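Student: 3D model of this:
(chains A and B)
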Amino acid sequence: MALISADNRGLRLATRYAVLGLIAVIFIFPLIFMVMSSLKPDQQLLEDSGNLRAFLPVGDISLNNYTAAFQRAPVATFVFNSVLVTGVTVLLSLLICSAAGFAFVFVNWKGRGVLLSILLATLILPFETIAIPMLLMVAHLPWIGTEGITWGWLNSYHVQIIPFVADGLTVFLFVQYFKDLPGELIEAARVEGASWGQIYRRIVMPLSGPILATAAILKFLVMYNQYLWPLMVVQEEGYRPVMVGLQYFFQLNVAWGEVMAYLSLITVPVLAFYLYLQKAFIASIASTGVKG
Amino acid sequence: MKPFNTFAGALLASAFFAGAALAQTELTMWYHGAGNDNEMKLVNEMLDEFNASQSDWKVVITAFPQGAYNDSVVAGALAGTLPDIIDIDGPILPNWAWAGYIQPLAIDETLIKDYLPGPKGVWDGKLYGIGMWDAAVSLVTRQSYLDELKLRTPTLDQPWTAEEFQGALDAAKNSGKFEYALDLGMAWTGEWYPYAFSPFLQSFGGDMVDRSTYKTAEGALNGDAALAFGNWWQGLFKNGYAQATQDPADRDGGFAAGKYAFSWNGNWAALGALAAFDDVLFLPAPDFGNGSKIGAASWQLSISATSKHPDGANAFINFALRPENLARFSKGLGLIPATAAAAEMTDNYKAGGPLAVFYDLSSRQGLLRPVTPGYPVMAKVFEKALADIANGADVAATLDAATDEINADIEKNGGYGH
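Tutor: Now for the predicted structure:
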């Protein structure tokens, strides 16, 4: 019996690894295809796309597509803009949405249930339905900057950041997470005379590593992939983000090698951010939390 | 003292020119060519020459990638931030004029009296846009193929009839020499469908809309002529003359590689074909019963309705229409100059030039896509219907559904001002 059980365990393990390996292949092969294709001339890229050579660095390999991509479009500007807009939005979003979640869960105030319901209801609204009203609004809002008060937010970084700082989904994630934190901790802190600000800063946030990482990743992906909104509110090239920049490569005859080179370049910040937060995510689970 | 004098002179001169530059009123312009270095180089050359040619106006350009351009203009119109000058794709000009995004031009009529019809953007009897070039499609083949397949060489005066074209496709297919008889460019999507394929429908006697009223597609897109077109179109793929889905590499290099006997392609690809073979022919579209037709109209210059300087914008457009500018874009991008005089200034399009046939094709066979604000919706509906039919959908049902969709859109928009 013991032998049969060991065999079963081995088989289960092998099956598990096989399935996990297959899933890993499914997820990683598009990335390999993208990077390998970025190194090949168009003709070879298209010829290889129907067979396994598409995933191998074979044939006429060079960095020519990268050089051409930089010549065709201001790639560095686009990446900088996207990283800046995304980074600032993620930071502000974590701050504001977590504070909102904290207020909804821990602070007693009239109408919080109704307001939370209204906030959650916004989740069912696709962005496309509110894009034009938002455009009309931001086109006429005042802004105080180095030139004093100006009217209209178009062609700026803040028009790409501020409308996305707070959203129902991120607040909802924080609310759900905070509900699972032990209420005794908060009550004990209140008894000891801690203010709401102190409790938020010194107790709740240090325990919120996992949800901060999750919310940051979700927000990062949404912001980095922004296309429609910047297309509508940014006309100057100097403020365009990476996804609008991708259109530079779609001329009548698409230079697929350059497209792949550009995609490889703009994927680097996403991967770097994800890998960084993945570590933070694991570390925060290992080091935080209240047991018992 | 001499170096000082030189320095002082230079200072004075630069102050003078800076003063002249400061006196120029700035005109803003949006253009669709970002990412296309050749095109932007030519546009910027022309702008520099205009800015230096007079002291009243200075055009400052913002370029957008073509795929994002129309949406950016529509957003700009909603937000009230359109520039003075915009360029605009010919077939959607009526929509933007109807929507109030652009205003009629006030340009020198003598500059456009000899113009090809395609580059003139007219809506409601007024000229709203004017192009510096046109584009044309032809049936590309080789004289040696025609000789080998024992086919008559069609001319502008005597294009192939439907039967002759069918015979040519049969001969090419039966020869066993080609992967497919006909390359229709199915690797391309979007505007290529209505631009390149709706002339076939029109040659059959149908259309995307009834042009006598522009208020319905009934009968035009689902009548007998349209059904005949749909069945012919589907037969091209069902019977193996053409492929319904195509590798982009085959579109780019398939004809040069000998995979196709005939290629339905534009003048922009003609130089590539000429480089591949020394006996290339650019044939007129077959006549399916109602004359040979090809698409007309390309990008045009226009002035936004909110421009505070229409006089300056008109001055720029007048400058752009000079024959040397029309010739500049033809030489640089291979486009068809909008006038015969400009064509004579180019090696490719002058009489006897290797691409001169395209000028004749444009002037004699060019047909504007439906001149109506409803065109953008029609174009999308038409593309989907043709793609579905190519992939085996029922012809009558698909054309009926497309007709209903177009009619519903026209009704929803109160007839689009017709």
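
Student: quick one, longest helix in chain A?
Tutor: Assignment by DSSP state H gives helix A:2-37 as the longest helix of chain A.

Student: Run through who's touching whatever helix or strand comes next after it.
Tutor: With elements assigned by DSSP states H and E, the helix or strand that comes after helix A:2-37 is helix A:42-48. With contacts defined as C-beta atoms under 8 Å, 6 or more residues apart in numbering or on different chains, helix A:42-48 is touched by A:37, A:40, A:54, A:58-60, A:255-257, A:260, B:247-249, B:253. C-beta coordinates here come from the backbone N, C-alpha and C atoms, glycine included.

Student: For the stretch 51-200 of chain A, what lies in contact range of chain B?
Tutor: Residues of the stretch 51-200 of chain A lying close to chain B by C-beta under 8 Å from any C-beta of the partner chain are A:Gln71, A:Arg72, A:Ala73, A:Ile132, A:Leu135, A:Leu136, A:Ala139, A:Gly152, A:Leu154.

Student: what's the nearest residue to the most centrally placed residue in chain B if we skip its chain neighbours?
Tutor: With distances taken as C-alpha atoms, centre = their mean, B:Ser298 lies nearest the centre of chain B, 3.1 Å away. Excluding its sequence neighbours, the residue lying closest to B:Ser298 (C-beta to C-beta, 6 or more residues apart in numbering or on different chains) is B:Ala135, at 4.7 Å.

Student: domain assignment for chain B?
Tutor: Residue ranges for each domain of chain B read B:2-133+B:298-357, B:137-294+B:374-417, as given by automatic domain parsing.

Student: which stretch in these has the least confidence?
Tutor: Of all these, domain B:2-133+B:298-357 carries the lowest average pLDDT, namely a mean of 90.

Student: low-confidence ranges in the stretch 151-292 of chain A?
Tutor: Low-confidence segments of the stretch 151-292 of chain A (pLDDT under 70): A:280-292.

Student: could you pull out the helices for it?
Tutor: Secondary structure of the stretch 151-292 of chain A (DSSP state H, counting those that start in this stretch): helices located at A:158-161, A:168-179, A:183-191, A:196-198, A:209-224, A:228-233, A:242-245, A:256-287.

Student: I'd guessed B:Asn51 sits against B:Asn44; true?
Tutor: No. In this structure, B:Asn51 is not within contact of B:Asn44 by C-beta atoms under 8 Å, at 10.2 Å.

Student: buried stuff in stretch A:90-106?
Tutor: Buried positions in stretch A:90-106, judged by neighbour count with 16 or more other C-beta atoms under 10 Å in any protein chain shown: A:90, A:92-94, A:97-106.

Student: could I have that stretch exported to PDB, CA atoms only?
Tutor: Output in PDB follows, covering the C-alpha atoms of stretch A:90-106 (Å, rounded to 0.1, in the frame of the first residue of the first chain):
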ATOM      1  CA  VAL A  90      -0.600  54.600  -8.700                       C
ATOM      2  CA  LEU A  91       0.900  56.400  -5.700                       C
ATOM      3  CA  LEU A  92      -1.900  58.900  -5.400                       C
ATOM      4  CA  SER A  93      -4.500  56.200  -5.900                       C
ATOM      5  CA  LEU A  94      -3.000  54.000  -3.200                       C
ATOM      6  CA  LEU A  95      -3.100  56.900  -0.800                       C
ATOM      7  CA  ILE A  96      -6.500  58.200  -1.500                       C
ATOM      8  CA  CYS A  97      -8.300  54.900  -2.100                       C
ATOM      9  CA  SER A  98      -6.900  53.300   1.000                       C
ATOM     10  CA  ALA A  99      -7.900  56.400   3.100                       C
ATOM     11  CA  ALA A 100     -11.400  56.100   1.600                       C
ATOM     12  CA  GLY A 101     -11.500  52.400   2.400                       C
ATOM     13  CA  PHE A 102     -10.300  53.100   5.900                       C
ATOM     14  CA  ALA A 103     -13.100  55.700   6.400                       C
ATOM     15  CA  PHE A 104     -15.700  53.300   5.100                       C
ATOM     16  CA  VAL A 105     -14.700  50.400   7.300                       C
ATOM     17  CA  PHE A 106     -13.500  51.900  10.600                       C
END
